[in-house]
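> below is the structure, and that's it, no one-letter string:
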């Protein structure tokens, strides 16, 4: 006599005819496969609704992973399975009522059995980089789930599984080696602690003898005596000698003259700062001399009926840009006839009689 459990398992399942003990195939799982597997876990394996829906989602996600298609969050997929179960349960509750509405609802539910149990990510088409994967998802979403996964996906999944197992073994070996090294270090520390008490006196004696026998050399002091003069800086600039090369030239010149180079400041940064300082001082002196020269300008002659004023200095000849009147003009605005324009200086000139 058969048991009650085996008799119940042989009974036809409402609208499904039978349970789905294992999801198989080369296509992505359908609504019928997902619901049939859920009912098998819930009614035959006596799992709770949440446990059965979670196991069903994990099983269906394996197929989506083989197809390299990103899926939504697991909680959202679980809700989708439970919603499918609640719809089936509502129809089963009214199965005895053979009204037109009940028949229509059952037919609509049966029509979606072969459709895709879609748990893809909301932006899956945008996330997929391979055109074949994108086309496969679109074909699976059509009525009847057109297409199937080729053997390449299956082979690739096997390769990835082997790669994962290999990396896991390497990680285990690495952790084992680290644990062994830590245990070995602990043993060494314990041995050092046990022998440290007997070696303290010997170490103190050895340290004292070492300090006496090996005197510490005094630190080397940098030189403070500058060797760059304004004339030497000008010569280096005139011949385009870099500060790095100047260190070698000046040092070797001092040695050839029998000088000790230790107290001299022979380094690139010091020579560069001294050369820049001399350039600034020289430019300031030239600007001051030019100012003194222009301040001593003398009116020599006024030519022409236009009233243009001509000024002669020891550096250049200037003409006013337009006829002048009995007021001030800015010398730098005048047009130079000979030489270069001088620095901007203001002077007062009266019109020639």
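That came through, no problem. Please read all numbers here as calculations on a predicted model, not as lab measurements. Residues are numbered from 1 along each chain as shown.
> now do the same for residue 18: its pLDDT.
For residue 18, the pLDDT comes out at 89.
> residue contacts, it?
12, 36 (Cβ atoms under 8 Å, 6 or more residues apart in numbering). (Glycine included, C-beta is placed from N, CA and C.)
> Three-state assignment for it, please.
coil (DSSP: H, G, I helix; E, B strand; the rest coil).
> my guess is residue 39 contacts residue 17. True?
No. Contact criterion Cβ atoms under 8 Å: residue 39 and residue 17 do not qualify, at 11.5 Å.
> of these two, who's got more company?
residue 39 (21 against 9; other Cβ atoms under 10 Å).
> tell me the contacts of the more buried one?
Residue 39 neighbours (Cβ under 8 Å, 6+ apart): 13, 16, 19-20, 85, 88.
> show the backbone phi and psi for residue 270.
When quoted as degrees, to the nearest 10, the phi and psi of residue 270 stand at phi -70, psi -50.
> from residue 262, how far off is it?
To residue 262, residue 270 is 15 Å away according to Cβ to Cβ, to the nearest Å.
> quick one, which of the two is more surrounded?
Neighbour count, other Cβ under 10 Å: between residue 270 and residue 262, residue 270 has more, with 19 against 11.
> nearest spatial neighbour of that one, skipping sequence neighbours?
Closest residue in space to residue 270, ignoring its immediate chain neighbours: residue 226 at 7.6 Å, by Cβ to Cβ, 6 or more residues apart in numbering.
> spit out the contact partners of the one you found.
Contacts of residue 226 (Cβ under 8 Å, 6+ apart): 264-265, 270, 274.
> can you put the contacts of residue 39 in a markdown table and add distance to residue 288 and neighbour count?
Listed next are the contacts of residue 39 as a markdown table, based on distance: Cβ to Cβ, whole Å; neighbours: other Cβ atoms under 10 Å:
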| residue | distance to residue 288 | neighbour count |
| --- | --- | --- |
| 13 | 109 | 17 |
| 16 | 106 | 17 |
| 19 | 106 | 18 |
| 20 | 102 | 22 |
| 85 | 98 | 19 |
| 88 | 102 | 19 |
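> would you turn those into TSV with distance to residue 54?
Converted to TSV, the contacts of residue 39 look like this (distance: Cβ to Cβ, whole Å):
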residue	distance to residue 54
13	21
16	20
19	18
20	16
85	13
88	18
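> ok, so of the residues you listed, who is nearest residue 173?
residue 20 (40.7 Å; Cβ to Cβ).
> now do the residue nearest to that closest one when sequence neighbours are not counted, the pLDDT please.
The shortest distance from residue 20 to any non-neighbouring residue, by Cβ to Cβ, 6+ apart, is to residue 36 (3.1 Å). Among the per-residue scores, residue 36 holds a pLDDT of 93.
> can you give me phi and psi for the residue nearest to residue 270?
Main-chain torsions, residue 226, degrees, to the nearest 10: phi -80, psi 140.
> if I look at it, how far off is residue 277?
10 Å.
> and the next helix or strand past the helix or strand hosting residue 163?
Counting by DSSP states H and E, the element that carries residue 163 is helix 151-213. Later in the chain than helix 151-213, the nearest helix or strand by DSSP H and E is helix 230-238.
> which positions in that next one come out as buried?
Under the neighbour-count criterion of 16 or more other Cβ atoms under 10 Å, helix 230-238 has 232-233, 236 buried.
> and which of those residues is nearest residue 172?
Closest to residue 172, out of all of these and judged by Cβ to Cβ, is residue 236, at 68.0 Å.
> not counting sequence-adjacent ones, nearest residue to that closest one?
residue 246 (5.5 Å).
> check what pLDDT that neighbour gets.
85.
> please list all residues in contact with it.
Contacts of residue 246 by Cβ under 8 Å, 6+ apart are 228, 236, 271.
> repeat the analysis, applying 10 Å as the threshold.
227-228, 232-233, 235-236, 266, 268, 271-272, 274-275 (Cβ atoms under 10 Å, 6 or more residues apart in numbering).
> mind giving me the domain split of the protein?
As assigned by automatic domain parsing, the chain contains the domains 4-149, 158-197, 230-292, 297-347.
> I appreciate the help and will end here.
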